[in-house]
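S.K.: structure for the following, please:
(one chain, ligands or ions: 1)
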Amino acid sequence: MTPTTPSTPPSVLLLGFGAIGRQVALRLAPEREAGALRLRAAERKVAAHRDRVLPGVGMVTTGDEAGWPRWEEALAEADLVVECAGVAAAREYGPAVVAGGTDLVLTSVGALADPETARRLLAGPGRLWVTAGAIGGFDVLGAAADADGLDDVRIRTTKVPTSLVQPWMSEAEAATLRALRPGDEPVTVFAGDPAAAIERFPANVNVAIGLAWATRGRPAAVGTTPAESAPESTGGQAPAPQDAPGAAEAALLQASLERVRVELVADPSVVRSRHEVLATGPAGRFELSFESAPSPENPKTSGLTALSVTRTVREALAARHG
Ligand SMILES: NC(=O)c1ccc[n+]([C@@H]2O[C@H](COP(=O)([O-])OP(=O)(O)OC[C@H]3O[C@@H](n4cnc5c(N)ncnc54)[C@H](O)[C@@H]3O)[C@@H](O)[C@H]2O)c1
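M.R.: Residues are numbered from 1 along each chain as shown. Modelled structure (predicted):
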């Protein structure tokens, strides 16, 4: 990370320049045009994205393409990295970003479902910013969870069937989803916990892990000592020392991931993806529903995610000066 003086605008590096990355770049136009930030975007195959490049956004490669600046060079100059490339890329690149002392905005929040990745993303010294993404209301839910006021947290996500077809599905399963027509009964394609959901549907249920993050509560809400709040499962990895940086947060998140229930529904009659959150407990009953307009870049993706990420980027940049 290059030290930023008042005359040097902060350097923001997008990891992934797809539907969300490009929208975030467009939304940050006021800052870019005012010279208040420098923006670069990384793609694995930059040449394949040539027609999508925006003026003033420098492209870099995470791949081995000749002729483009490399990810490592851009990262060394970045003040903030904004991941919008997918769960696999978040797991591959995110931990090294924070370990190198650079702040990271995470869009593929599902990466946090893996205990070891979560531990590393939360270990600093770079700060992790978890975007709310396609849902919200986290001020209310977070406040209730902080007071140990939630016993039950659920999310039902309903999407157009074809958007839920996955490479691991059998031909018959995929064909069933493709054959659904408006008016047909909705089909539940998954019911269970967020970690299993993101494993099977890596681009569709980031919201469930985001919900678990938002309702993780405070250390006192789970156990009185970090040891009491540690999860039983660490994904086969040696557990981190409980006083390691970020370990208490990671333990809270794992406990929260075990509480959240996810249902993923394929409904041929929906026009917009819908997310319904229900949280209940001593603090009350909270029901939230989200149906955002589609992304102008990709009609299958909710437009709200790019708006949430842009907001998180602005918050992260403001905090650097705070
Ligand atoms: N938090 C939320 O609520 C929420 C909602 C929607 C999507 N998401 C996450 O955001 C991700 C991006 O969504 P999108 O609609 O922009 O997808 P997209 O497919 O349009 O864009 C992803 C881009 O990242 C690039 N990419 C992938 N791996 C890369 C790598 N290793 N190096 C460089 N570039 C790489 C791809 O080439 C692609 O251009 C999704 O995969 C999902 O994980 C989160």
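
S.K.: okay, buried residues for the strand or helix carrying Gly142 please.
M.R.: Using DSSP states H and E, Gly142 maps to helix 138-146. For helix 138-146, the neighbour count (16 or more other C-beta atoms under 10 Å) marks Phe138, Leu141, Gly142, Ala144, Ala145, Asp146 as buried. Placement of C-beta: from N, CA and C, glycine included.

S.K.: so after the one helix or strand Gly94 maps to, what's the next helix or strand?
M.R.: Using DSSP H and E, the element containing Gly94 is helix 87-99. Note on helix 87-99: by DSSP H and E, the next helix or strand toward the C-terminus is strand 103-106.

S.K.: sorry, back to before: got the contact list for the helix holding Gly142?
M.R.: 132, 150, 153, 211, 214-218, 221, 256, 277, 279, 281, 283-284, 286, 288 (C-beta atoms under 8 Å, 6 or more residues apart in numbering).

S.K.: and the closest residue to the ligand within the chain, what does it touch?
M.R.: Of all residues in the chain, Gly18 sits closest to the ligand, at 1.7 Å by C-beta to the nearest ligand atom. The contact partners of Gly18, by C-beta under 8 Å, 6+ apart, come to Cys84, Ala85, Glu297, Asn298.

S.K.: if any of these are buried, give me the ChimeraX selection for them.
M.R.: Per 16+ other C-beta under 10 Å, the buried members of the contacts of Gly18 correspond to this ChimeraX selection:
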select :84,85,297
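
S.K.: in helices only, show me the contacts of Gly18.
M.R.: Using DSSP state H to define helices, no part of the contacts of Gly18 is located there.

S.K.: next, format the contacts of Gly18 as CSV and append distance to the ligand.
M.R.: Listed next are those as CSV, based on distance: C-beta to the nearest ligand atom, whole Å:
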residue, distance to the ligand
Cys84, 5
Ala85, 4
Glu297, 7
Asn298, 6
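
S.K.: wait, which of the contacts of Gly18 is closest to Val24?
M.R.: Cys84 (6.6 Å; C-beta to C-beta).

S.K.: Pro296 touches Ala306, doesn't it?
M.R.: No: using C-beta atoms under 8 Å as the test, Pro296 is too far from Ala306 to be in contact (9.0 Å).

S.K.: got any residues that touch both of the two?
M.R.: Joint contacts of Pro296 and Ala306 (C-beta under 8 Å, 6+ apart) are Gln23.

S.K.: which of the buried residues of helix 138-146 come close to the ligand?
M.R.: Among the buried residues of helix 138-146, no residue lies close to the ligand (C-beta under 6 Å from any ligand atom).

S.K.: could I get those residues in JSON lines, plus columns for pLDDT?
M.R.: Output for those, formatted as JSON lines (pLDDT from 0 to 100):
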{"residue": "Phe138", "pLDDT": "97"}
{"residue": "Leu141", "pLDDT": "98"}
{"residue": "Gly142", "pLDDT": "98"}
{"residue": "Ala144", "pLDDT": "98"}
{"residue": "Ala145", "pLDDT": "98"}
{"residue": "Asp146", "pLDDT": "97"}
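
S.K.: dump the residues you listed into TSV; add distance to Ala113 as well.
M.R.: Output for these, formatted as TSV (distance: C-beta to C-beta, whole Å):
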residue	distance to Ala113
Phe138	18
Leu141	18
Gly142	19
Ala144	22
Ala145	18
Asp146	22
